[in-house]
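# Okay, predicted coordinates and the sequence, questions at the end:
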Amino acid sequence: MLFNKPTCRTLKNLIFPSEQTIFSFLRHPHNPPHTYTQKFNYVDVYMKWKKDSYYDSIEQIHKSIMLKPIISLKNCISQDPGGCIPISDVSKRGIQLEVPMKVARFLRLYPSIFEEFTGPQYNLPWFRLTPEADEIDREEKRVYEDCREDLRDRLKKFILMSKEKVLPLKIIRGMQWYLGLPDDFLQHPDKNLDESFRIVEMEDGLKGLAVESGEKVLSTVQRNAMKKGVYVGGPMEAIEFPLFPSKGLRLRRKIVDWLKEFQKLPYVSPYEEFSHLDPDSDISEKRVVGLLHELLSLFVEHSAERKKLLCLKKHMGLPQKVHKAFERHPSMFYLSLRNKTCTAILKEAYCDESAIQRHPLLSVRNKYINLMRESATIFKTRRVNSRFADRWDSGSENEDGKEVSDVLSR
């Protein structure tokens, strides 16, 4: 009765404060996932971009944009029974093959990969692969053959991240380069796909590829957390993302506090059901960040042009402004502005090599990039020889031969 009076209720709260904290969970169950929100929410806070020369200098990422049309043209040549094609076979397919200029001019930019010769009729230019490029092409085909199961598993995970566990074939074809799948991978389903895949009809008359999987799929973040002993596989466990801040990166105090709370939130795997999540909650953003992390971890260079990922928004439940997730988490992702485009890079893949599984095709692409570099050397040598020849000709007209001796002495 003493505590029923208004003045005494205040005294009661002072004497027994633990009643509100220790036993309150008996009256109020744990909040479901969709109620997780943080008081530090900085959705509209501007994050200043910080240049990092380390990520801007990774050749396998930034040469990949130009390597893609090179590989497409290489495939056109290698698939021909004679191993060579006239320029007329590909000259009108520049847009389809994503060649940024006239096809003939593009082929001539890489003499270490494409060898030009005069054809048997009408003196048309023909092209074949150089011996070095042909050798790498054979190695590439062996990798596709030996690592078919790995490539199939990456495709399966890619589809399982979608809401309905199905993706349109046209979207999969658009992402084949990043996943490391050969151009004709989907043309031979009997050889490349197992019984867990099936072709289905989707809305708007589109054909899609669906996956059925009864097994629980763990993300890269979950597997690494298990190895470290900080995750046991239970529902709604908190997993902190590995962070790799760039040198000189400074964040506002408000953002730092928000990120600390963000790291403590439960981790929602990109392979789990997420329809119960409030799309405006911080836990939903953590799910989006986790999905982007997993997506880039599947790719060959662990990077992708940001605009190429926008086609996944509808099918993977990504927000309209998904591009801001890269900007708000600069210690996980780096946005490179090289090549007049914006490339999203997963930092962990280049700061902790043991954390992300290496793609089997990466070493092959690096060999092609080395050949691209040799083309630049060939052109440089040609220019030097051309200048030498010009000076030799002009020097031969000089009676004392002074100019020739000057060139030879350099």
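Looks like it arrived, so ask away.

# If we go by neighbour counts, what in the longest helix anywhere in the chain is buried?
Across the chain, the longest stretch assigned as helix under DSSP state H is helix 362-396. By neighbour count on 16 or more other CB atoms under 10 Å, the buried set for helix 362-396 is V364, R365, Y368, I369, L371, M372, E374, S375, R391, G395. Bear in mind the C-beta positions are built from the backbone N, C-alpha and C, glycine included.

# Show me the beta-bridge partners of the most centrally placed residue in the chain.
Central residue of the chain (CA atoms, centre = their mean): S303, 2.8 Å from the mean position. S303 has the following beta-bridge partners by DSSP bridges: I345.

# got the contact list for it?
Under the criterion of CB atoms under 8 Å, 6 or more residues apart in numbering, the neighbours of S303 are I61, S64, L296, S336, T343, A344, I345, L346.

# related to what we said a few turns ago, any chance of the buried residues of helix 362-396 in CSV, plus pLDDT and distance to R148?
Listed next are the buried residues of helix 362-396 as CSV, based on pLDDT from 0 to 100; distance: CB to CB, whole Å:
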residue, pLDDT, distance to R148
V364, 98, 15
R365, 98, 18
Y368, 97, 21
I369, 97, 24
L371, 96, 25
M372, 95, 27
E374, 94, 30
S375, 92, 31
R391, 60, 56
G395, 53, 61
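
# Of these, which is the nearest to V230?
Using CB to CB, R365 is the member of the buried residues of helix 362-396 that lies nearest V230, at 33.9 Å.

# So what touches stretch 146-163?
144, 165-167, 172, 175, 179-181, 185, 191-194, 196-197, 209-211, 213, 217, 270-271, 275, 291, 294-295, 298, 315-317, 360-361.

# out of these, which are inside helices?
Those of these mapping onto helices are Y144, I172, M175, L179, K191, N192, L291, E294, L295, L298, H315, M316, per DSSP H.

# from the buried residues of helix 362-396, which is closest to S281?
R365 (39.2 Å).

# and the closest one, how far is that from L218?
Using CB to CB, to the nearest Å, R365 is found at 27 Å from L218.

# Repeat that for L67.
In terms of CB to CB, L67 sits 31 Å off from L218.

# Tell me which of these two has more neighbours.
L67 (20 against 15; other CB atoms under 10 Å).

# what helix or strand does that one sit in?
helix 64-78 (DSSP states H and E).

# Which residue ranges of the stretch 201-350 of the chain form helices?
220-228, 253-263, 282-298, 313-316, 323-328, 348-351 (DSSP state H, counting those that start in this stretch).
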